[in-house]
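[1] this one's sequence-less:
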């Protein structure tokens, strides 16, 4: 996190600790412009929308330092989405000699006189807004609402924020991700009528991803999309085979995505292998580059960590938000050169790990808001030429989000029920996060992921698409995974075009019969084995997972997804022998 110094002209004198700001260089141009706009009028409420990685924290703390130095305010209250971010804000403030207490409890009343402010979460505000209101009324207070869209997540949170901070002297609101459309107004945000007859939020200062990319503040992002053939059983007991991203109903599309993300299939191991290959290439140019896998829940996060350990040879850092020490593990990873971190939601928003360069979006949460938050973890630029690579399932709405990285969204009120301004259903987030009911669990006879295979599909970059379907492990896939880790955006686009042209010419040639590649043979053997396991399941009603486990016990070897051709052939022969013995 940068600590910029105030420009000598056009802005008020800084806090006495201003020398600390000079250690990381001058203010960025957008921060200077935003500060000049803020101090021109010093409004009570000010909304700043700036892309992740742009330096919102530095901007807000510069405002706080100046207001404190000129006694416009006496105290600062920072509200952040997570416990980890409270600590991150306090650490950043400490570097400019502003003491913020991240351990403050809303029921404790006074804070130590050593602190000029406190940091707490939105959930803590909702727990006791009246106590905070009394505190805010007792001092001239600046309230910094970080990722302020969270105040619109639930009506009760918005009401609590309004009650607690309505008496504040100043309120500075920050967000780095696109708002979504709903019926809950965000407290202290200004709304204006739009052409559609609704109300739309208006930022006092906006600095989007496209502008930050032009200024070299953020990295360009390569989205590596993977498709594949999937097979699953629905909660109604029907077995479905489909291709990821193919035409299907919303319910089936969701089930297809869950099947692909199942750690026991072959899709996730193949994608994690590709991501690890990409990370190795990036680390050849950026030695401390790190990777992050964002999982749907804690169970699959642990399973992904085991897969990555087997693939990379090093044990990933596992971050689960309800475990003690999670914040320290994130900080330790940020300061290390370890390869991988696996997490659920704790690092989806605001967490600062600048060395993250490769990501795997392995979660069923697919709203524009969450996607932008997640991708924001990879865009912080450290030096010229760095790019980020994010591996995503090849499903239409995620590819749309990837192609629209530069789009800015305001908060819209009175939108059509259940829909946001890009036609996506916000209820998907709640659906993705809910616990599965008993009849949806495989052991209860409900939904079950049965088999999956991954294929490289395409690369989405700068709003364009490059490449054609290729098998994982193929030379065509390796062309895209092997892009140098340090390239200018124009060089990236040029290489992508050349790889696409080469791939197109290769597939256009007349083909002759040839021996299958190793990848093709493994894929065919897994398909054959999965078919035999499905047939045995119909004969015996034994779950697919149990059958695979029995075959491993009988034949030895690793799980099917990473088994060798010899392992698979032995299991195929064994299950065929079971069928023969059963008939006899």
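    Okay, I see it. Everything quoted here is computed from the prediction, not taken from an experiment.
[2] so where is the stretch 251-400 of the chain shaky, pLDDT-wise?
    Regions of the stretch 251-400 of the chain meeting the criterion pLDDT under 70 cover residues 321-324, 345-351.
[3] Helices of that one, start to end?
    In order along the chain, the stretch 251-400 of the chain carries the following helices (DSSP state H, counting those that start in this stretch): 267-283, 298-312, 326-334, 368-375, 396-403.
[4] just the strands in the stretch 451-584 of the chain please.
    Secondary structure of the stretch 451-584 of the chain by DSSP state E, counting those that start in this stretch: the strands cover 455-461, 464-466, 470-471.
[5] For the helices of the stretch 251-400 of the chain, could you give me a markdown table that also reports distance to residue 41 and mean neighbour count?
    For every residue, glycine as well, the C-beta is placed using N, CA and C. Written out in a markdown table, the entries for these read as follows (distance: least, CB to CB, whole Å; neighbours: other CB atoms under 10 Å):
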| stretch | distance to residue 41 | mean neighbour count |
| --- | --- | --- |
| helix 267-283 | 45 | 23 |
| helix 298-312 | 47 | 19 |
| helix 326-334 | 37 | 18 |
| helix 368-375 | 30 | 23 |
| helix 396-403 | 36 | 19 |
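[6] Take the ones you listed and lay them out in JSON lines including distance to residue 238.
    Converted to JSON lines, the helices of the stretch 251-400 of the chain look like this (distance: least, CB to CB, whole Å):
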{"stretch": "helix 267-283", "distance to residue 238": "21"}
{"stretch": "helix 298-312", "distance to residue 238": "24"}
{"stretch": "helix 326-334", "distance to residue 238": "40"}
{"stretch": "helix 368-375", "distance to residue 238": "30"}
{"stretch": "helix 396-403", "distance to residue 238": "23"}
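[7] closest to residue 114 out of those helices?
    When the helices of the stretch 251-400 of the chain are compared for distance to residue 114 using CB to CB, the nearest one is helix 326-334, at 21.6 Å.
[8] who does that closest one touch, helix- and strand-wise?
    Other helices and strands packing on helix 326-334, by 3 or more CB pairs under 8 Å, 6 or more residues apart in numbering; DSSP states H and E, are helix 83-94, strand 317-319.
[9] which stretches of the chain have low pLDDT?
    1-25, 106-109, 153-155, 177-183, 195-197, 321-324, 345-351, 406-445, 506-516, 582-584.
[10] again, 50 this time
    Applying pLDDT under 50 to the chain flags the ranges 1-25, 409-412, 414-445, 509-513.
[11] tell me the domain ranges of it?
    16-214, 221-433+441-508, 518-583 (automatic domain parsing).
[12] Which residues belonging to stretch 534-547 are considered buried?
    Neighbour-count burial for stretch 534-547, counted by 16 or more other CB atoms under 10 Å, picks out 534, 536-537, 543-545, 547.
[13] want to throw those into TSV with distance to residue 463?
    Output for these, formatted as TSV (distance: CB to CB, whole Å):
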residue	distance to residue 463
534	41
536	48
537	45
543	44
544	41
545	41
547	45
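[14] Quick check: helices, which of those residues are part of them?
    Secondary structure of the buried residues of stretch 534-547 is defined by DSSP state H; positions in helices are 534, 536-537, 544-545, 547.
[15] Nearest to residue 309 among these?
    Residue 309 has its nearest neighbour among those in residue 545, at 20.8 Å by CB to CB.
[16] gap between that closest one and residue 297?
    Note on residue 545: its distance to residue 297, by CB to CB, to the nearest Å, is 18 Å.
[17] still on that earlier bit, between the helices and strands packed on helix 326-334, which one is nearest to residue 359?
    Relative to residue 359, the nearest member of these by CB to CB is strand 317-319, separated by 14.0 Å.
[18] ok, residue 77 - contacts?
    117-120, 132, 135-136, 141-144, 165, 168 (CB atoms under 8 Å, 6 or more residues apart in numbering).
[19] re earlier: quick one, which of the strands of the stretch 451-584 of the chain gets closest to residue 227.
    For residue 227, the closest of these is strand 455-461, at 4.1 Å, according to CB to CB.
[20] Which positions in that closest one come out as buried?
    Neighbour counts using 16+ other CB under 10 Å place 455-461 of strand 455-461 among the buried residues.
[21] which strands and helices sit next to it?
    For strand 455-461, the contact count by 3+ CB pairs under 8 Å, 6+ apart identifies strand 221-227, helix 396-403, strand 464-466, strand 470-471, helix 475-481, helix 489-508 as packing neighbours.
[22] can you list the ones you listed in a markdown table and add distance to residue 341?
    Listed next are the helices and strands packed on strand 455-461 as a markdown table, based on distance: least, CB to CB, whole Å:
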| stretch | distance to residue 341 |
| --- | --- |
| strand 221-227 | 18 |
| helix 396-403 | 21 |
| strand 464-466 | 28 |
| strand 470-471 | 28 |
| helix 475-481 | 20 |
| helix 489-508 | 25 |
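[23] Need the winner for burial among these.
    Ranked by mean neighbour count, the helices and strands packed on strand 455-461 are led by strand 221-227 with a mean of 24 (mean count of other CB atoms under 10 Å).
[24] the inter-axis angle of the helix or strand following it versus strand 455-461?
    Heading C-terminal from strand 221-227, the first helix or strand you meet, by DSSP states H and E, is strand 229-233. Interaxial angle of strand 229-233 relative to strand 455-461 (axes from the mean of the first three to the mean of the last three CA atoms, to 10 degrees): 110 degrees.
[25] could you give the angle of strand 229-233 to helix 267-283?
    With the same axes, to 10 degrees as the criterion, the two stretches strand 229-233 and helix 267-283 enclose an angle of 140 degrees.
[26] before we move on, the earlier item: how about a markdown table for the strands of the stretch 451-584 of the chain, with distance to residue 265 added?
    Conversion of these to a markdown table gives the following (distance: least, CB to CB, whole Å):
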| stretch | distance to residue 265 |
| --- | --- |
| strand 455-461 | 13 |
| strand 464-466 | 26 |
| strand 470-471 | 16 |
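[27] These: which one's closest to residue 340?
    Taking CB to CB as the measure, these were each checked against residue 340, and strand 455-461 came out nearest at 20.5 Å.
[28] Could you tell me how far the closest one lies from the centre of the chain?
    Between the centre of strand 455-461 and the centre of its chain there are 18 Å (CA atoms, centre = their mean, to the nearest Å).
[29] between the helices and strands packed on strand 455-461, which gets nearest to residue 254?
    Residue 254 lies closest to helix 396-403 among these, at 10.9 Å (CB to CB).
[30] elements contacting that closest one?
    Packing partners of helix 396-403 (3+ CB pairs under 8 Å, 6+ apart): strand 221-227, helix 368-375, strand 388-393, strand 455-461.
[31] one more time with 10 Å, if that's ok
    strand 221-227, helix 250-261, strand 356-362, helix 368-375, strand 388-393, strand 455-461, strand 464-466 (3 or more CB pairs under 10 Å, 6 or more residues apart in numbering; DSSP states H and E).
[32] Not counting residues beside it along the chain, what's closest to residue 224?
    Take residue 224 and drop its neighbours on the chain: the residue closest to it by CB to CB, 6 or more residues apart in numbering is residue 391, 4.6 Å away.
[33] The one you found: neighbour count?
    Counted with other CB atoms under 10 Å, residues neighbouring residue 391 total 22.
[34] Give me the buried subset of the contacts of residue 77.
    For the contacts of residue 77, burial is judged from neighbour counts taken by 16+ other CB under 10 Å, and it is met by 117-120, 132, 135-136, 141-144, 165, 168.
[35] any chance of those residues in a markdown table, with secondary structure and distance to residue 484 too?
    Putting the buried ones among the contacts of residue 77 into a markdown table (DSSP: H, G, I helix; E, B strand; the rest coil; distance: CB to CB, whole Å) gives the following:
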| residue | secondary structure | distance to residue 484 |
| --- | --- | --- |
| 117 | strand | 45 |
| 118 | strand | 46 |
| 119 | strand | 41 |
| 120 | strand | 44 |
| 132 | helix | 51 |
| 135 | helix | 53 |
| 136 | helix | 52 |
| 141 | strand | 50 |
| 142 | strand | 45 |
| 143 | strand | 45 |
| 144 | strand | 40 |
| 165 | helix | 48 |
| 168 | coil | 50 |
